[in-house]
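# Kindly return the folded structure for what I paste below:
(chains A and B)
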Amino acid sequence: MTTATLDTTITPGIDRVLKNRVSIGQTIENSLTMAARGLIKIRRTPEQLIDVTLQPILFTLMFAYLFGGAIAGNVQDYLPALIPGILVQTVITTSVVTGTQLREDMDKGVFDRFRSLPIARIAPLAGALLADTVRYAIATTLTFVMGYVMGYHPAGGLGNVALAGLLVIACSWAISWIFAFFGVIARTASSVQGISMLILFPLTFLSNAYVPVDTLPDWLKWFANANPISHLVTAVRELANNGAMGGDVLLSLFGAAVIVAIFAPLTVRAYMRKA
Amino acid sequence: MSAFEARSDWAVEADGLVKVFGTNRAVDGVDLRVPTGSIYGVLGPNGAGKTTTIAMLATLLRPDGGTGRIFGHDVQREPQIVRQLIGVTGQYASVDETLSATENLVLFSRLLGLSRAEAKAKSAALLEEFGLTEAARRPLKNFSGGMRRRLDLAASLIAQPPLIFLDEPTTGLDPRTRAQMWDTIRRLVATGSTVLLTTQYLDEADQLADRIAVIDRGTVVAEGTGDELKASVGTSSLQLRLVDPRDLDDLRVAIERVLGVTPIVSAEHGRVTAPMHDADRVTDLLITLRAGGIHLAELSVQKPTLDEVFLALTGHGAVSEDADEAGEPVLEGATA
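Prediction:
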C-alpha cells in the first residue's frame, strides 16, 4: 500500500462551510448518476430484459390471432386498435418490475451508503426509475415492430408513432412511482409483484385496450370510460393512427403529472422512514 | 445550543440517545463524547446497540429520544450537513455487488460532486492505496471478505470526511487483513480524521482506541482509556477449577481474604475466576489453599477478555442475545 491518498490533511469539521439543503441542480445531477448506475446494472444482467423482449412479441401475436376475427372481422383490421392497447398494457405491466427490483435493490447494503451520502434523498429512487425507461423503450419499440411485421401501418407516420411511444414511456414512468411506493413499503419483492398485478390486471383489461367499449354492459362501460388506461390507449390510437393530438393526450400527461406529484413525495418519505 | 458551543472540540456528542424497536429498547440513553482527532472505540457484544447508535449518529435512523451532534451539527435538524462530514463503513460492506470496484468508486465520487475525470483519478488512487488495483475491473461477486471491506472503507474516504464511522471493521477478517485494516485506521487519524469504531474485541479497542465506551443492553456501562478499563477488572485473571465443587465457598473466602477481590463463580461447577492485580500474591493464595486442604484440578492465568470486562461491569457475560438481534434490523440484520 502506498500512502499517497492518506497523506493529504483533512479539513477539520468545524472549519467547513456547509449547506443543509440540496439544490435542484444537484438533485438532477444525483438522479442522473444513479440512472447511470441502473444502466450498468441492466447491461450486467441482460437476462432481466427477457420479459420486455418476449412479452410484446408473444402478446401481440396471441391477441391478434385470438381476438382479431371475433372483434374486427380479421386480424388486419384489428391491428390499429390492438397495437396501441397492447402497447399500453405491456409497458405499464413492465413498470411493476421496477417496483420489485427496487425492493430487492433496497435490501442490499449499498442503499445504506446512499442514505449516508450528502445527496438528494430522491436520487436513488428517481435514478432507478429513470434507468428503467430503457426497459419501456425496448417494449415499445418491439410492440410497434411486431405490429409492423404483422401488417400494421399506422397512418400517423413515424414521427407520431415515436411521439405516441414517448407518451406511453412517460406515463409508465409516472405509474412506476406507484409501484416504487409499494416496493418501499412492502416487506418482500414477491409481495410487491402480487399487489401490483392484482391492481393492474383488472385495470388494463377493463378498458378499451382490447375490445370496443360499446359492447360492454352499462356499469362496465362506465368504468372502462373512466379508466385512465382507456384515455392513454385512446391518446396513442389518435396519435399513431390519425396523427391527431387530442384531449386524451393532455389528459394522460396531466394524470401522469398528478401521479408523480402524489407518489414521488410519498415514496421518498416512506424510503426515509425505512432508513 | 449557542454558537459558542457549536465550535466545541467534540467530533461527536450524543446525549441520551434512545431507539426503540417494538418493545425492545435497542439503545436506551447512550451518552458519548468523542474528541476531535482521536480514535474512539465503542465496545460491546452483538445486540448491545452499537450499530443502532452509529446508525442514528450517521443520520440513517431517526432517534426516538435524545440528541446527537456531529461537529456541533444536530443529526436531526441538519442531516444534510452531517452527511457531508461523515463517512460510514458498515458491518456488511455497503458497496454495489453488480458493479466492479472501479465503477463503485466512480459512482460514489460522482455522487459526491467530483467531475468525471476527478472521479476516475480519485478511484484509481484509492484502489492503489488499498491494494485493489489488480481487481479493479473484476465483478465484486468474486471479491473476498477482506477485499470487500477494503473497498468499502475506500468508498468512505472519497470525500475525505473529518469523521469516519467504522462499524466492526475487522469482524470476520483474517489476522493479516485485520492488521492491515488497523494500520489504515491509524494512518487515517494521522491525517486529521476522527474515527469512531465499534468492535466486539477488547483487543482491537485496546490496540486502536484512545478512549473506549463499553456498551451493553443499550447503555454505556463504562468509559475510559483501555488501561483504565482493564484496571477495573484486573490486568489478568486467575482461573481456578476445584477437584471438589463443595469447596467452592471456602475458595471464595480464601480469595477474598488473600487477594482482596471478589471472585466470579461461573455457571460451570467448580470454576472460579478472579481478577489478578498482583501476580506475587497468587503464591500466597496457593499456600493458603494447600493449608486449608482445598484441592485444585486446574490453574491458569488469562489476560482480560471482553467477557471478563463484561462480567465485571455488568454482572453478566458478553453473550449475544437473540431477542436483541431480532429487534435490531438496521445494518446488522436487514443487510445480512
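# ok, now which ones touch the residue of chain A found nearest chain B?
Chain B sits closest to A:Gly13 of chain A, with a gap of 3.4 Å, by CB to the nearest CB. All C-beta atoms are positioned from the backbone trio N, CA, C, and that covers glycine. Neighbour list for A:Gly13: B:11, B:36, B:70-71, B:85, B:162-163, B:194 [criterion: CB atoms under 8 Å, 6 or more residues apart in numbering or on different chains].
# same check, this time on B:Gly65
Per CB under 8 Å, 6+ apart, neighbours of B:Gly65: B:16-18, B:29.
# Please identify, among the contacts of A:Gly13, the one with the most neighbours.
B:Ile70 (31 neighbours; other CB atoms under 10 Å in any protein chain shown).
# Assign the closest residue to that one other than its chain neighbours to helix, strand or coil.
Using CB to CB, 6 or more residues apart in numbering or on different chains and skipping the chain neighbours, the partner closest in space to B:Ile70 is B:Val82 (4.7 Å). Classification of B:Val82 by DSSP: H, G, I helix; E, B strand; the rest coil places it in helix.
# Can you name the residues of the stretch 101-250 of chain B sitting close to chain A?
B:103, B:107-108, B:110-113, B:125-126, B:128-131, B:139, B:155, B:157, B:160-163, B:180, B:183-184, B:187-188, B:190-194 (CB under 8 Å from any CB of the partner chain).
# at 7 Å instead, please
With the criterion set to CB under 7 Å from any CB of the partner chain, the stretch 101-250 of chain B comes near chain A through B:103, B:107, B:110-112, B:125-126, B:128-131, B:155, B:160, B:162-163, B:187-188, B:191-193.
# if you look at these, which of them are in strands?
B:Leu163 (DSSP state E).
# circling back to that earlier point, hang on, the residue nearest to B:Ile70 packs against B:Val75?
Yes - using CB atoms under 7 Å, B:Val82 makes contact with B:Val75 at a distance of 5.2 Å.
# Need the residues touching each of these two.
Here B:Val82 and B:Val75 have B:Thr59 as joint contacts, going by CB atoms under 7 Å, 6 or more residues apart in numbering or on different chains.
# ok so, going back, which among the contacts of B:Gly65 count as buried?
B:17-18 (16 or more other CB atoms under 10 Å in any protein chain shown).
# and chain A, which of the contacts of B:Gly65 contact it?
Applying CB under 7 Å from any CB to these, none is adjacent to chain A.
# now the contacts of B:Gly65 as a markdown table including pLDDT?
Formatted as a markdown table, the contacts of B:Gly65 follow (pLDDT from 0 to 100):
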| residue | pLDDT |
| --- | --- |
| B:Gly16 | 93 |
| B:Leu17 | 94 |
| B:Val18 | 94 |
| B:Gly29 | 92 |
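# from the contacts of B:Gly65, which ones fall inside strands?
Filtering these for strands - DSSP E - leaves B:16-18, B:29.
# how about the helices in the stretch 101-250 of chain A?
For the stretch 101-250 of chain A, the helices defined by DSSP state H, counting those that start in this stretch occupy A:110-116, A:123-131, A:133-150, A:157-185, A:189-205, A:218-226, A:228-237, A:247-274.
# Tell me the residue of chain B that sits nearest chain A?
B:Phe71 (3.4 Å).
# so who does residue 167 touch?
Going with chain A. A:235-236, A:239, A:249, A:252.
# my question was about chain B
With CB under 7 Å, 6+ apart, B:Asp167 has these contacts: B:51, B:54, B:89-91, B:198, B:331.
# Kindly recompute the last result at 6 Å.
With contact set as CB atoms under 6 Å, 6 or more residues apart in numbering or on different chains, B:Asp167 has these partners: B:51, B:54, B:90-91, B:198.
# Leaving out the residues flanking it, which one is nearest to it?
Closest to B:Asp167 by CB to CB, 6+ apart is B:Gln91, at 4.6 Å.
# now do B:Leu112
Closest residue in space to B:Leu112, ignoring its immediate chain neighbours: B:Ala159 at 4.9 Å, by CB to CB, 6+ apart.
# Look up how far B:Val272 lies from the one you found.
52 Å (CB to CB, to the nearest Å).
# Looking only at neighbour counts, state which of those two leads.
B:Ala159 (22 against 19).
# Ramachandran coordinates for that one?
Per-residue torsions, B:Ala159: phi -90, psi 10 (degrees, to the nearest 10).
# How about B:His295?
phi -100, psi 130.
# which residues touch it?
Contacts of B:His295 (CB under 6 Å, 6+ apart): B:Val243.
# So for it, what's the pLDDT?
pLDDT recorded at B:His295 is 88.
# and what of B:Pro329?
36.
# and B:Arg187, how many neighbours?
16.
# pLDDT wise, what is it at?
86.
# Likewise for B:Ser320?
46.
# Alright, that wraps it up for me.
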